[in-house]
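Engineer: just a sequence and a predicted model for now, questions to come.
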Amino acid sequence: MTGFPPLLVVAVALVDADGRVLVQQRPPGKAMGGLWEFPGGKVEAGETPEAALVRELEEELGIRTHASCLAPATFASEPLGDRHLLLLLYVCRKWQGVAEARHATALKWVRPAQLYALDMPPADLPLIGLLDALL
Ligand SMILES: Nc1nc2c([nH]c(=O)n2[C@H]2C[C@H](O)[C@@H](COP(=O)(O)OP(=O)(O)OP(=O)(O)O)O2)c(=O)[nH]1
């Protein structure tokens, strides 16, 4: 059956002391290469969504945080190829370390209102308005 089981992906709006949000650019050659996305990735079998996000942040950015620092914000539900994507978006304001692009082509810190002008995956577009209002 199309869309089942859904592809469960967790992502996070890391918010710095100035209220800016971190986005990372997907490498060329990957699906949706060149688009800007929130850090995160697929939830693996046996993982909680929060544990997956803590793991992805360490792997992708070299920063450390804790499940208790991840506040659920909103989600997206979108077709993605032959799957159906459920993207859980968290907000995080507390972490240790300085984010560096270990997997992404580039990182940038942007004001929520600047997200509208970025090329982002289709699932992310409905998330921007909420972040803009929330942050
Ligand atoms: N991290 C992240 N992924 C997103 C966003 N929006 C969106 O559609 N996605 C999609 C892209 C991917 O299909 C999936 C995330 O999985 P992933 O980053 O672990 O996997 P990937 O496709 O980049 O690469 P791979 O690890 O499977 O090789 O969710 C977003 O804002 N952040």
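Structural biologist: Looks like it came in fine.

Engineer: mind listing residues that contact the longest helix along the chain?
Structural biologist: Looking across the chain with DSSP state H, the single longest helix is helix 49-61. Contacts to helix 49-61, defined as C-beta atoms under 8 Å, 6 or more residues apart in numbering, come from residues 8, 10-12, 22, 24, 39-44, 47, 63-67, 70, 88, 90, 95, 97, 99-104, 107. Every residue, glycine included, has its C-beta placed from N, CA and C.

Engineer: again, only this time at 10 Å
Structural biologist: For helix 49-61, contacts defined as C-beta atoms under 10 Å, 6 or more residues apart in numbering pick out 8-12, 14, 22, 24, 39-44, 46-48, 63-70, 72, 86, 88, 90, 92, 95, 97-104, 107.

Engineer: if any of these are buried, give me the PyMOL selection for them.
Structural biologist: Only the buried entries of the contacts of helix 49-61 go into this PyMOL selection, using 16 or more other C-beta atoms under 10 Å:
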select buried, resi 9+10+11+12+14+22+24+39+40+41+43+63+65+69+70+86+88+90+92+95+99+101+104+107
